[in-house]
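**Q** Structure, please.
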Amino acid sequence: MSARVLVVDDVLPNVKLLAAKLTREYFDVVTANSGPEALERIHAQHPDIVLLDVMMPGMDGFEVCEKIRADPATMHIPVVMVTALSDASDRVRGLEAGADDFLTKPVNDVAVFARVRSLVRLKMMTDEWRLRESTSGQLGMLVSIDSVYTQTAEAARVLVVEDSAIDLDKITETLARDRDVVTDTDSCAGGLELALGEEFELIVISLTLMREDGLRLCSQLRSHEKTRQIPVLLLADETDMDRVAKGLELGANDYLIKPIDRNELLARTRTQVRRKRYQDKLRANYEASLSMALTDSLTGLFNRRYLSAHLPRLLDRSGGNNKPVSALLFDIDHFKVVNDTWGHGVGDEVLKEVAQRASRNLRNFDLVARLGGEEFVVIMPDTDGSQAMAVAERLRRRIAEEPFAVSAPVGKIDVTISIGVAVADWTLDADGKPESGDALLRRADTALYQAKRSGRNRVVADGAGE
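**A** Numbering: from 1, shown residues only. Alright, predicted model coming up:
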């Protein structure tokens, strides 16, 4: 996963060391040596995450973080404070200032890389939902939601998986300050059953369970649709950072080191609950706004009208950050034969199954739309040409390798698709403008035409036949 990281520290050797480590992990690194310079870099470079030193002269890290959170243009950028301060009160102050995490120097490399990646994934998801809400707002269908930080964090429904009675009592008593409703269990099996059967806004999982591996539960929660979006807070010993890093890779949202500090637990819980409620409101607001004017009634995918409104905004945002955007244009091979042979009812069944297979095999922030007839388009942000070709080939195989079940007497029929791939071109034209969405789709359409001319059931990249 590519990401732009802003490293802020007034000590040059610290900046160089952390920047070198991040560069080796293939991050794009931007640096700043003071608070004011950091704020300038954020507006100019649009980082995906900020690693922020606290002890800086003039404007310290706490003030920088507060300014980031106060600006609507930057408030959603993840901030990780990296500092020599180690007291729990310092961590709580950082979290209350709006930091997503507070790492103590010397930083554990495994932990910081895992933390950066997990927060970047979260930002990408939030950015996509905010962009979709903005697109729908542009079409006059909803009212915007303020931000994460305007959401209440009280009376949250929290599931705790912990077999230590002492720690469980401390957690329950602490969360009672916010009138949180705590449900507890001492086993992973019990935790999964409760999570799937009830509604929770946060799940706290201990990695110090005596007889079970809490990471297994974390993995299981992320594999179920119902629990995939519920924040997970890990509890771990200080010596268990490798497992914490693994948990973040599996999809955990945050962690707390034992012995539990009550104020830090409360601060981290509030952050996760606010974020969950914000994302839930974004999703509900967005989904409620969708009407038949924006979706294809047969497949449930977006239609051409929504794509026409959304794609220019996506290209504008990605072009400003110089991040790749790829388009896959595909249609069903010999679809007219399906309709002529088995009837339009079977044709509709094929269209719906193609849409479902496409949606299942793409990321949830990729956009899939039906342009009309048997033609579909996929828009993939932060995806370069080689990645797009790999995704297109995987999608082609998913369609071709398993016959489609249909209501016709034959029972099953074989279906294939042809795909054209193009990547957005950020080169400015004579008017100083980058490529438009229509131009990107035209190049993908040319590649699709080449795929069909070459025999169908294949993937062709833009310019491959030149």
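
**Q** Now do the helices in the stretch 151-300 of the chain.
**A** For the stretch 151-300 of the chain, the helices defined by DSSP state H, counting those that start in this stretch occupy 165-175, 188-197, 214-223, 241-250, 262-289.

**Q** Now do the last one, average pLDDT.
**A** Think helix 262-289. Taken as a whole, helix 262-289 has an average pLDDT of 87.

**Q** rewinding a little: so which of the helices of the stretch 151-300 of the chain gets nearest Ile77?
**A** helix 262-289 (13.4 Å; C-beta to C-beta). Backbone N, C-alpha and C define where each C-beta goes, glycine included.

**Q** so that closest one versus helix 165-175, what angle?
**A** Computed with axes from the mean of the first three to the mean of the last three C-alpha atoms, to 10 degrees, the direction of helix 262-289 lies at 60 degrees from that of helix 165-175.

**Q** buried ones in helix 262-289?
**A** Using 16 or more other C-beta atoms under 10 Å as the test for burial, helix 262-289 gives 263-279, 282, 285-286, 289.

**Q** before we move on, the earlier item: could you dump the helices of the stretch 151-300 of the chain to CSV with distance to Arg130?
**A** Listed next are the helices of the stretch 151-300 of the chain as CSV, based on distance: least, C-beta to C-beta, whole Å:
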stretch, distance to Arg130
helix 165-175, 29
helix 188-197, 27
helix 214-223, 22
helix 241-250, 23
helix 262-289, 7
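
**Q** Quick one: closest of the ones you listed to Asn361.
**A** Of the helices of the stretch 151-300 of the chain, nearest to Asn361 by C-beta to C-beta is helix 214-223, at 15.9 Å.

**Q** Between helix 188-197 and that closest one, find me the angle.
**A** Helix 214-223 runs at 20 degrees relative to helix 188-197, counting by the same axes, to 10 degrees.

**Q** Could you list every helix and strand in contact with helix 214-223?
**A** Contact analysis of helix 214-223 by 3 or more C-beta pairs under 8 Å, 6 or more residues apart in numbering; DSSP states H and E lists helix 188-197, strand 202-206, strand 232-236, helix 241-250 as its packing neighbours.

**Q** got the contact list for the third one?
**A** By that I understand strand 232-236. Applying C-beta atoms under 8 Å, 6 or more residues apart in numbering, the set of residues contacting strand 232-236 from outside is 162, 167, 202-208, 214, 218, 221, 243-244, 247, 251-258, 260, 268-269, 272.

**Q** so where's the protein uncertain?
**A** Along the chain, segments meeting pLDDT under 70 span 1-2, 133, 135-145, 288-293, 465-466.

**Q** quick one, what contacts the most centrally placed residue in it?
**A** Centroid-nearest residue in the chain, with C-alpha atoms, centre = their mean: Met125, separated by 2.7 Å. Residues in contact with Met125 (C-beta under 8 Å, 6+ apart) are Gln279, Asn364, Phe365.

**Q** redo that, cut-off 10 Å
**A** Counting by C-beta atoms under 10 Å, 6 or more residues apart in numbering, Met125 touches Gln229, Gln279, Leu282, Arg363, Asn364, Phe365.

**Q** Pro106 now?
**A** Applying C-beta under 10 Å, 6+ apart, one finds that Pro106 lies in contact with Leu17, Val82, Ala84.

**Q** What strand or helix carries the residue nearest to the centre of the chain?
**A** Met125 is part of helix 109-138, with elements assigned from DSSP states H and E.

**Q** quick one: buried residues of that helix?
**A** Buried residues in helix 109-138, counted by 16+ other C-beta under 10 Å: 111-136.

**Q** wait, which of the helices of the stretch 151-300 of the chain is closest to Arg398?
**A** The closest of these to Arg398 is helix 214-223. By C-beta to C-beta, the value is 18.8 Å.

**Q** Please work out the angle formed by the directions of the closest one and helix 241-250.
**A** Inter-element angle recorded for helix 214-223 and helix 241-250: 10 degrees (by the same axes, to 10 degrees).

**Q** what angle do helix 214-223 and strand 202-206 make?
**A** Counting by the same axes, to 10 degrees, helix 214-223 lies at 150 degrees to strand 202-206.
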